[in-house]
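Student: Here is my input, please return the structure:
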Amino acid sequence: MIPGGGQPNMQQLLQQAQKMQQDLARAQEELAATEVDGQAGGGLVKATVNGSGELRALVIDPKAVDPEDTETLADLVVAAVQAANENAQQLQQQKLGPLAQGLGGGGIPGLPL
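Tutor: Modelled structure (predicted):
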């Protein structure tokens, strides 16, 4: 029920939508500026991504480098990047999840929630 039985206040609805849009933009900026790590091989390979999932850094311990077995090194790199991206997705859920629920709970197109 709408209080007073009248039409919803369109100005108020527009202000709420605008505030939610600003909150979402702020959260996305925070995600882009936040870095999270993932690792593999007991820390032999470490990947850093930002909260949007962009790879920012990759550190490979020399002990992980075996010229006779580059396949294992490649697997460690992939695993570290995947771990970092999983951490970034958790961060996205924390930052954007409440905002997405406020927008109807169906998620936001273009965002991996």
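Student: For this structure, which segments are assigned as strands?
Tutor: 35-40, 45-50, 55-60 (DSSP state E).
Student: how about the helices in the chain?
Tutor: For the chain, the helices defined by DSSP state H occupy 10-33, 70-102.
Student: Show me which residues of the longest one are buried.
Tutor: When you say that, I think you mean helix 70-102. 73, 76-77, 79-81, 83-85, 87-89, 91-92, 95-96, 99-100 (16 or more other Cβ atoms under 10 Å). Just so you know, the C-beta spots here come from the backbone N, C-alpha and C atoms, and that holds for glycine as well.
Student: which of the strands of the chain is buried the deepest?
Tutor: Each of the strands of the chain was scored by mean neighbour count; the highest is strand 45-50, a mean of 22, by mean count of other Cβ atoms under 10 Å.
Student: before we move on, the earlier item: for the strands of the chain, which one sits closest to Leu13?
Tutor: Of all these, it is strand 45-50 that lies closest to Leu13, at 33.4 Å by Cβ to Cβ.
Student: Run the chain-centre distance for the closest one.
Tutor: Counting by Cα atoms, centre = their mean, to the nearest Å, strand 45-50 is centred 13 Å from the centre of its parent chain.
Student: if I look at the residue nearest to the spatial centre of the chain, how far off is Asp23?
Tutor: Most central in the chain under Cα atoms, centre = their mean is Gln92, positioned 3.5 Å from the mean C-alpha point. Using Cβ to Cβ, to the nearest Å, we find Gln92 at a distance of 14 Å from Asp23.
Student: picking up where we left off before, closest to Val45 out of the helices of the chain?
Tutor: helix 70-102 (4.2 Å).
Student: Run the angle between the closest one and strand 45-50 for me.
Tutor: Orientation check (axes from the mean of the first three to the mean of the last three Cα atoms, to 10 degrees): helix 70-102 against strand 45-50 gives 30 degrees.
Student: Report the inter-axis angle for helix 70-102 versus strand 55-60.
Tutor: Using the same axes, to 10 degrees: helix 70-102 against strand 55-60 is 150 degrees.
Student: I'd like the distance from helix 70-102 to the chain centre, please.
Tutor: Put simply, helix 70-102 sits 7 Å off its chain's centre (Cα atoms, centre = their mean).
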